[in-house]
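Undergrad: any chance you can model this:
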Amino acid sequence: MATNVQPEYELTLEEYLAIEEYANIKHEYVDGVVYAMAGGKGLHNITAARLIRLTGVYGRKGCEAFTSDQKVYVEAANAAYYPDVSIVCGKPRYHDAGTLLLINPQAIFEVLSSSTAKVDRGMKLQHYWLIPSLQDYLIVSPDEPYIEHYERDPVGGIWRLKEVSGIDGETLITSCDCRLSLAELYG
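TA: Numbers count the residues shown, from 1 in each chain. Here you go, the predicted model:
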């Protein structure tokens, strides 16, 4: 998100969706407040595209990867975000009658940028953890081989952080049974 300035008024979710349909730039929505997003550039976009390719969910029966054009809705926080990549294994479910607001991702990836790092590690992290289906949240550096991989323990539901760094690092994304090699991601 590009700004933390509070607007003079708040929007309902329905008003936000109606405005967003015709907007020239993307906006994220947090309980009535709308934030303009900075567009991803160069290395950020390359990293997001590589994540989709390397997770290998395209072509795998039962799993789908969504690009940053798919909004994810966190019902418990009344928030709509555009993660860089989200993955659903099983049938995608939506908040509305259409396909605007995905509510059941199992994995979400955010590629860091200087303007989003604080929000990705703060408010988004806290909100994403409220999604009952979410099992893996990965914050990915575009500049160096480094990933913060938050995993939900399937038994107790506790979130654990696994930091993966160095060109020889790798992590298993259990929700989609994907092994992510940093050598391939950053090579």
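Undergrad: contact partners for the most centrally placed residue in the chain?
TA: Centroid-nearest residue in the chain: P83, 3.0 Å away (criterion: Cα atoms, centre = their mean). For P83, the contacting residues are S68, Q70, V72, P105, I108, F109, E110, taking Cβ atoms under 8 Å, 6 or more residues apart in numbering as the criterion. C-beta coordinates here come from the backbone N, C-alpha and C atoms, glycine included.
Undergrad: need phi/psi at the fourth one.
TA: Pointing back at P105 there. Note on P105: its backbone torsions stand at phi -70, psi 150 [degrees, to the nearest 10].
Undergrad: correct me if wrong: it contacts S86.
TA: Yes - taking contacts as Cβ atoms under 8 Å, P105 lies within contact range of S86: 4.1 Å.
Undergrad: mutual contacts of these two, please.
TA: What both P105 and S86 touch, as defined by Cβ under 8 Å, 6+ apart, is the set F66, V72.
Undergrad: please, which helix or strand holds the nearest residue to A77 once chain neighbours are set aside?
TA: Take A77 and drop its neighbours on the chain: the residue closest to it by Cβ to Cβ, 6 or more residues apart in numbering is H127, 4.4 Å away. Taking DSSP states H and E as the definition, H127 sits inside helix 123-128.
Undergrad: downstream neighbour of that helix in the secondary structure list?
TA: strand 136-140.
Undergrad: and the pLDDT for M1?
TA: Looking at M1, its pLDDT is 45.
Undergrad: show me where the chain has its strands.
TA: Assigned strands in the chain, in chain order: 27-30, 33-36, 63-66, 71-74, 79-81, 85-89, 101-102, 107-111, 136-140, 146-152, 159-165, 170-173, 178-181 (criterion: DSSP state E).
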